[in-house]
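S.K.: here you go, sequence then predicted model.
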Amino acid sequence: QAQLAESGGGLVQAGGSLRLSCVASGLAFSTYAMGWFRQASGKEREFVAAITWSGGSTYYADAVKGRFTISRDNAKNMVYLQMNSLKPEDTAVYYCAAAKLFRPSLWVREGDGMDSWGKGTLVTVSS
């Protein structure tokens, strides 16, 4: 059974940076596309960023484009989300997720559609 565990969340001031990490186990990590989603209090979960199994292609939500960078290390079963120029509206629980198929259009539209999910890590950006 696949398990995903996020870390790296915390409190940061607006304009600051954080790097989220996610370690995967119980799946053939290098064959899965990986994504980051977030859910702010009182709002629906939304897509943030995704990366193909090889790391050769990435996809970002418009709200984070140019500020966030997704990357992966298949040798370590890790996926990362580097978040720069953080804004208070980035405050949310951030979830790592895995999918066999790379379908960013679905993920953007539904905020769902992944095969496995982590439990999330809270990011709070103060103004």
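M.R.: Yes, it's here.
S.K.: grab the most central residue of this protein for me.
M.R.: The centre of the chain sits closest to residue 36, judged by CA atoms, centre = their mean, with a distance of 1.7 Å.
S.K.: could you look up the SS state of it?
M.R.: strand (DSSP: H, G, I helix; E, B strand; the rest coil).
S.K.: and what of the one 5 residues further on?
M.R.: Classification of residue 41 using three-state DSSP returns coil.
S.K.: picking that back up, check contacts around the residue lying closest to the residue nearest to the centre of the chain once chain neighbours are set aside.
M.R.: In space, and not counting its chain neighbours, residue 36 is closest to residue 48: 4.3 Å by CB to CB, 6 or more residues apart in numbering. Glycine gets a C-beta too; all of them are placed from N, C-alpha and C. Going by CB atoms under 8 Å, 6 or more residues apart in numbering, residue 48 touches 35-38, 60-61, 64, 68, 81, 94.
S.K.: turn the residues you listed into JSON lines, columns for pLDDT.
M.R.: Formatted as JSON lines, the contacts of residue 48 follow (pLDDT from 0 to 100):
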{"residue": "35", "pLDDT": "97"}
{"residue": "36", "pLDDT": "98"}
{"residue": "37", "pLDDT": "98"}
{"residue": "38", "pLDDT": "98"}
{"residue": "60", "pLDDT": "97"}
{"residue": "61", "pLDDT": "96"}
{"residue": "64", "pLDDT": "98"}
{"residue": "68", "pLDDT": "98"}
{"residue": "81", "pLDDT": "98"}
{"residue": "94", "pLDDT": "98"}
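S.K.: determine which two of those are furthest apart.
M.R.: 60 and 94 (14.0 Å; CB to CB).
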